[in-house]
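Novice: fold the following and give me the result.
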Amino acid sequence: MKSIWMDSTLIPRRNSLTGNKRTEVVIIGAGMAGILTAFYLQRHGVHVVVLEANRIGSGQSGFTTAKITSQHNLIYHKLEKSVGKESARLYGKANQLAVEEYGKLIKRYSIQCHYEKKDAYLYSVQESKKLLEEVQSAKELGMPASFVRETKLPFPVCGAVRFTGQAQFNPLEFIKEISSGITVYERTKVLKVQGHDVITDRGVVKAEKIVFASHYPFVNVPGFYFAKMYQEKSYVMELGPVEDLEGMYLGVDKKAYSFRNYDGKLLLGYGSHRTGKAPDTDPFITMRHTAEHLFHQAEEFRSWTAQDCMTLDSIPYIGTFSAFRPDWYVATGFGKWGMSSSMVAAKMLSMQITGKRTPYDAVFSPQRHHIKASALRFAEHGLESVKGLSAGVKPGAVNCPHMGCRLIWNQYDKRWECPCHGSGFEISGKISAGPAQQSLPFID
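Specialist: So this is what the prediction gives:
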């Protein structure tokens, strides 16, 4: 499935790597995080090479709904309780500064990317209590939050948390422009990383520093990110024509929807479940029924799925990959908020790599230990991984080449999925997502 961004944006092709190279920094992954990190490093005078297994922006950056916002669901009340007020404040400040930085870049370089300032809303049709708690926490932490009872949604709500000063855009149009002066080698698959050597299927790149910006780190040891994250699927449908709803919306109730307009159309988002645990009913059929009810004159143009890395404490991992690899860096675990998180990662990593510290290093550090915030999710999702891994290899079954987890067939997405770490495989066996580094040799 292609997203609206992929169908509407043509990014010029780049050459593949030819032979061995040497550089100061090599970045693995040419999505929003990787490209922005390269952009800021180059502004610091650092020589950078970006390696991409497919095409620029062909990963999760091409499937996002592209909301540029510091409003990350009901996050601030939760963080205030689980990691403390100061860490929650720094998390919010880093993301709000990231939102503002997009606007500055787009204005400075005259980037044509359908950028629009829009307020962001969290709404509920069932209750207002949790929204009022979120507003109180967010305001105390310095976020641009307020509580409202009226929205432009085509149904009544009990209330909504409104964040002003947010935005939306076409992410691939932005990446196309911002990557124009960056050395990117496409169709260059990284096979493994050893010390300062990044070994690809087309040569070896030797670098002083290495950045893993490939959505999900494919190196298991050190780092052990497979034990600290899981992946979730969600679904998007493009409808039109639909009147502008004058904002970006996300429901906080169970089985709620998200809404954002683009170029006279509407992107309707729905569903969220762990990869490998498909819902009982087809989410696209559910979305069509909702669309017929709310926007009965709208036509369905296309639909697609998104896949997001979720950390156990809801904070991305940005910083040194492992205490045992001080020259490796990582940006992963962005949850549903890849646009602001990509900018946070790019600003932080470009500073860290050039020997500077930021006020946010400890909050996003991959070496942090938020036991209170992580314990419940670790037990829940660790059990799912144990179940998949303990299934073992049996005749006629299909196992993931990453760590041997039993694959599950997703009948709605028409692909095999790993319930442990989120790797996805097309019906042909070709890798389509996740940390696995090799396709399936055969599928019965």
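
Novice: what helices or strands is the helix or strand containing Trp409 leaning on?
Specialist: Taking DSSP states H and E as the definition, one finds Trp409 inside strand 408-410. The contact analysis (3 or more Cβ pairs under 8 Å, 6 or more residues apart in numbering; DSSP states H and E) places strand 408-410 against strand 415-417. Using the backbone N, CA and C atoms, a C-beta is placed for each residue, glycine as well.

Novice: roughly how far out does the strand holding Trp409 sit from the chain middle?
Specialist: Distance of strand 408-410 from its chain centroid, counting by Cα atoms, centre = their mean, to the nearest Å, is 22 Å.

Novice: stretch 64-77 now?
Specialist: With Cα atoms, centre = their mean, you get 11 Å for stretch 64-77.

Novice: need the distance between the two termini of that stretch.
Specialist: Using Cα to Cα, to the nearest Å, one end of stretch 64-77 lies 25 Å from the other.

Novice: quick check: longest helix of this structure.
Specialist: Criterion DSSP state H: the longest helix present in the chain is helix 85-108.

Novice: list the buried residues for the very next helix or strand once past that one?
Specialist: Per DSSP H and E, the first helix or strand lying C-terminal to helix 85-108 is strand 116-124. Within strand 116-124, the residues that count as buried by 16 or more other Cβ atoms under 10 Å are 118-124.

Novice: contacting residues for the closest residue in space to Gly422 that isn't next to it in sequence?
Specialist: Leaving out its chain neighbours, the residue that sits closest to Gly422 by Cβ to Cβ, 6 or more residues apart in numbering is Gln231, at 2.9 Å. Gln231 makes contact with 216, 274-275, 307-310, 421-422, 434, according to Cβ atoms under 8 Å, 6 or more residues apart in numbering.

Novice: do that again at 10 Å, thanks
Specialist: Residues near Gln231 by Cβ atoms under 10 Å, 6 or more residues apart in numbering: 215-216, 274-276, 307-310, 333, 381, 417-424, 433-435.

Novice: hmm, back to that, now the angle from the longest helix of the chain to strand 116-124?
Specialist: For helix 85-108 against strand 116-124, the angle by axes from the mean of the first three to the mean of the last three Cα atoms, to 10 degrees is 150 degrees.

Novice: may I have helix 85-108 as CSV, with CA atoms only?
Specialist: C-alpha atoms of helix 85-108 as CSV (Å, rounded to 0.1, in the frame of the first residue of the first chain):
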residue,chain,number,x,y,z
LYS,A,85,7.6,16.8,37.1
GLU,A,86,11.0,18.0,35.9
SER,A,87,11.5,15.1,33.4
ALA,A,88,8.0,15.6,32.2
ARG,A,89,8.6,19.3,31.7
LEU,A,90,11.8,18.7,29.8
TYR,A,91,10.1,16.1,27.6
GLY,A,92,7.4,18.7,26.7
LYS,A,93,9.8,21.5,26.2
ALA,A,94,12.0,19.5,23.8
ASN,A,95,9.0,18.5,21.7
GLN,A,96,7.5,22.0,21.6
LEU,A,97,10.8,23.4,20.5
ALA,A,98,10.9,20.8,17.8
VAL,A,99,7.5,21.9,16.6
GLU,A,100,8.7,25.4,16.4
GLU,A,101,12.0,24.4,14.7
TYR,A,102,10.1,22.9,11.7
GLY,A,103,8.4,26.3,11.2
LYS,A,104,11.7,28.1,11.3
LEU,A,105,13.3,25.7,8.8
ILE,A,106,10.4,25.8,6.4
LYS,A,107,10.4,29.6,6.4
ARG,A,108,14.2,30.0,6.2
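
Novice: switch to numbering from 34
Specialist: Sounds good: first residue 34 from here, last item helix 118-141.

Novice: among the contacts of Gln264, name the ones in strands.
Specialist: Of the contacts of Gln264, the ones assigned to strands by DSSP state E are 307, 340-343, 450, 457, 466.

Novice: relative to Gly371, how far out is the nearest residue to Ser103 once chain neighbours are set aside?
Specialist: Among residues not flanking Ser103 along the chain, Asn128 sits closest, at 3.8 Å (Cβ to Cβ, 6+ apart). Separation of Asn128 from Gly371 (Cβ to Cβ, to the nearest Å): 12 Å.

Novice: shared neighbours of the two, anything?
Specialist: Listed as contacting both Asn128 and Gly371 by Cβ under 10 Å, 6+ apart are Pro349.

Novice: what pLDDT does the residue nearest to Ser103 get?
Specialist: With respect to pLDDT, Asn128 scores 98.

Novice: contacts only, for it.
Specialist: Listed by Cβ under 10 Å, 6+ apart, the contact partners of Asn128 are 101-105, 108, 176, 349, 370, 372-374, 376-377, 393.

Novice: any idea how far Glu134 is from it?
Specialist: To Glu134, Asn128 is 10 Å away according to Cβ to Cβ.

Novice: which residues do the two both contact?
Specialist: Joint contacts of Asn128 and Glu134 (Cβ under 10 Å, 6+ apart) are 101, 373, 376-377.

Novice: just the ones of the residues you listed in strands?
Specialist: Per DSSP E, strands hold the following members of these: Ile101.

Novice: so which of the shared contacts of Asn128 and Glu134 is the closest to Arg293?
Specialist: Nearest to Arg293 among the shared contacts of Asn128 and Glu134 is Ile101, at 10.7 Å by Cβ to Cβ.

Novice: near the closest one, how many other residues are there?
Specialist: 29 (other Cβ atoms under 10 Å).

Novice: just list whatever residues bridge to it.
Specialist: Note on Ile101: beta-bridge partners Ala200, judged by DSSP bridges.

Novice: from Leu155, how far out is it?
Specialist: In this view, Ile101 and Leu155 are 16 Å apart by Cβ to Cβ.
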